[in-house]
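[1] test case, fold it:
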Amino acid sequence: MIRALLDGSLLGGGSRQDRVLALLDEERRVILEGPLSRLAPLVARREAEIADILAGARPDEDFLAALRAKAARNGRLLRASLAGARAAAETATRARRAAERLRIYSADGRPVEFGSEGGTRDRRA
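    Reported below is the predicted structural model:
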């Protein structure tokens, strides 16, 4: 499907402008569904198509408006994706730290910490 999208056959051999907008839609799908490793080739192809378009006559305003809207949408999705990845990493770090150290209170109310430093860990062979 991607090959058909990139060579325009999915769009009936559509115009360069149609292909750029279709590539932006495909980028959106990759951002939402992954894998993100597929994003770089799509971006490179889109950038090449846009460069070809800009080398010719000025594109019509409808295309430029759609291009701006879809690019802005994808940018928002990427920023949200990065924020989610950062939040997940922070949560994992907090969980790991919590697992390394445990604070409880003794019968007389004093805090007692148990940590993994210097301790041993039971492991199965």
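[2] kindly format the C-alpha coordinates of stretch 53-71 as CSV.
    In CSV, the C-alpha atoms belonging to stretch 53-71 read as follows (Å, rounded to 0.1, in the frame of the first residue of the first chain):
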residue,chain,number,x,y,z
ILE,A,53,6.2,21.6,-6.3
LEU,A,54,8.0,24.8,-5.1
ALA,A,55,10.4,24.7,-8.1
GLY,A,56,7.4,25.3,-10.4
ALA,A,57,4.5,27.7,-10.4
ARG,A,58,3.2,28.9,-7.1
PRO,A,59,0.8,26.3,-5.6
ASP,A,60,-2.8,27.3,-5.2
GLU,A,61,-4.0,28.6,-1.8
ASP,A,62,-6.3,25.6,-1.1
PHE,A,63,-3.3,23.2,-1.3
LEU,A,64,-1.1,25.5,0.9
ALA,A,65,-3.9,25.7,3.5
ALA,A,66,-4.3,21.9,3.5
LEU,A,67,-0.6,21.5,3.7
ARG,A,68,-0.3,23.8,6.7
ALA,A,69,-3.2,22.2,8.5
LYS,A,70,-2.0,18.6,8.0
ALA,A,71,1.6,19.5,8.8
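[3] return the set of buried residues in it.
    53, 59, 63, 66-67, 70 (16 or more other CB atoms under 10 Å). The C-beta positions use only the backbone N, C-alpha and C, and glycine is treated the same way.
[4] now the helices: where do they sit in this protein?
    2-7, 16-33, 39-55, 61-100 (DSSP state H).
[5] so which of those helices is the most packed in?
    Among the helices of the chain, the stretch with the highest mean neighbour count (mean count of other CB atoms under 10 Å) is helix 16-33, at a mean of 18.
[6] against which helices or strands is it packed?
    helix 2-7, helix 39-55, helix 61-100 (3 or more CB pairs under 8 Å, 6 or more residues apart in numbering; DSSP states H and E).
[7] ok, residues contacting it?
    Contacts to helix 16-33, defined as CB atoms under 8 Å, 6 or more residues apart in numbering, come from residues 2, 5-6, 8, 10-11, 14, 36, 38-39, 42-43, 45-46, 49-50, 52-53, 59-60, 63, 66-67, 70-71, 73-74, 77-78, 81.
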